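>>> sequence and computational prediction follow.
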Amino acid sequence: MDRCRLLGKDTLKKFKDAFGAALYAYHRQGAGYLIAKRDDGLMSDAGGLKVYFDKYPNWPVREKRALKHIKKIDKVLDIGCGTGRHALYLQEKGIKVTGIDNSPLAIKVCKKRGLKKARVLSIEKISGKTGKFDVFLMLCNNFGLFGTEKKAKYLLKRFHKITPPGARIITESYDSNTPVFRSYRAFNKKKKRHPGSFRVKLAYGRYETDFMDYIRVSPKELKKIVAGTGWKVAKIYPSKYYSYVAVLEKKEV
């Protein structure tokens, strides 16, 4: 499931928060939709909203395996937490977790569902002032929130500076080198962008985002991005549907 979000601001203006509005509607009514409009003209269903509310038994195996890398003593920052399903699970386990999202309505849903620590904050605004965390959690294809290859390298270097020894980033991405995305990868190359780039806007009712940058990378492409940032790819949990979870470990200088 792709998570596409407007980056670069702490919060979204009311009618830009399409993702949050869709989640809030689903939370209240048990139904909703989200439309994705790609920059090559393709318009499609963004993939359904139920997954954001699924309980642990229905989660993909790769997510369950990845969460085993979180220890009881860890402090966790769930980046792009959405409805807080991962953060709520960790909270129930007694783990100290904070959820952040730049969608005010998503954070509202988190709080209504019982997440104790949740705040509106974008990935780009994470700093030492945000707190000291042992784990940055970025599941549900949230590696894409880095936006571009260049921005990913920049933020990974920043995260290395503000995290303690032994820190981990648990993230998920999608290998777009598939027949479904072949034409769009070619479109990206013509635009001189990373082949896994994804420019999209989301719509729900009268809510609509601006176009935003998102990125999908293969495990090989991930290792290339991570190189030189102070992190190493320690573990990959693949799946037969091209999505995979990666555990990045902080390298000590």
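Yep, it's here.

>>> hey, where'd the strands end up in the stretch 101-250 of the chain?
Assigned by DSSP state E, counting those that start in this stretch, the stretch 101-250 of the chain shows strands spanning 118-120, 135-138, 168-174, 197-204, 207-208, 212-215, 231-237, 243-250.

>>> so what does the second one touch, helix or strand wise?
Using 3 or more C-beta pairs under 8 Å, 6 or more residues apart in numbering; DSSP states H and E as the contact criterion, the secondary-structure elements in contact with strand 135-138 are strand 75-79, strand 168-174. Every residue, glycine included, has its C-beta placed from N, CA and C.

>>> that older thread, dump the strands of the stretch 101-250 of the chain to JSON lines, plus mean pLDDT.
Listed next are these as JSON lines, based on pLDDT from 0 to 100:
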{"stretch": "strand 118-120", "mean pLDDT": "97"}
{"stretch": "strand 135-138", "mean pLDDT": "98"}
{"stretch": "strand 168-174", "mean pLDDT": "97"}
{"stretch": "strand 197-204", "mean pLDDT": "96"}
{"stretch": "strand 207-208", "mean pLDDT": "96"}
{"stretch": "strand 212-215", "mean pLDDT": "96"}
{"stretch": "strand 231-237", "mean pLDDT": "97"}
{"stretch": "strand 243-250", "mean pLDDT": "97"}
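
>>> got CSV for these, with distance to residue 112 and mean neighbour count too?
As requested, the strands of the stretch 101-250 of the chain are exported to CSV (distance: least, C-beta to C-beta, whole Å; neighbours: other C-beta atoms under 10 Å):
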stretch, distance to residue 112, mean neighbour count
strand 118-120, 10, 19
strand 135-138, 21, 26
strand 168-174, 25, 24
strand 197-204, 18, 22
strand 207-208, 19, 18
strand 212-215, 26, 22
strand 231-237, 31, 16
strand 243-250, 27, 22
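
>>> need the ones you listed in CSV with distance to residue 31, can you?
Formatted as CSV, the strands of the stretch 101-250 of the chain follow (distance: least, C-beta to C-beta, whole Å):
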stretch, distance to residue 31
strand 118-120, 24
strand 135-138, 28
strand 168-174, 26
strand 197-204, 12
strand 207-208, 16
strand 212-215, 25
strand 231-237, 32
strand 243-250, 25
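
>>> so which of these gets nearest residue 152?
strand 212-215 (6.9 Å; C-beta to C-beta).

>>> who are the packing partners of the closest one?
Counting contacts by 3+ C-beta pairs under 8 Å, 6+ apart, strand 212-215 packs against helix 149-162, strand 197-204.

>>> if anything else comes up later, I'll come back, but that's it for now.
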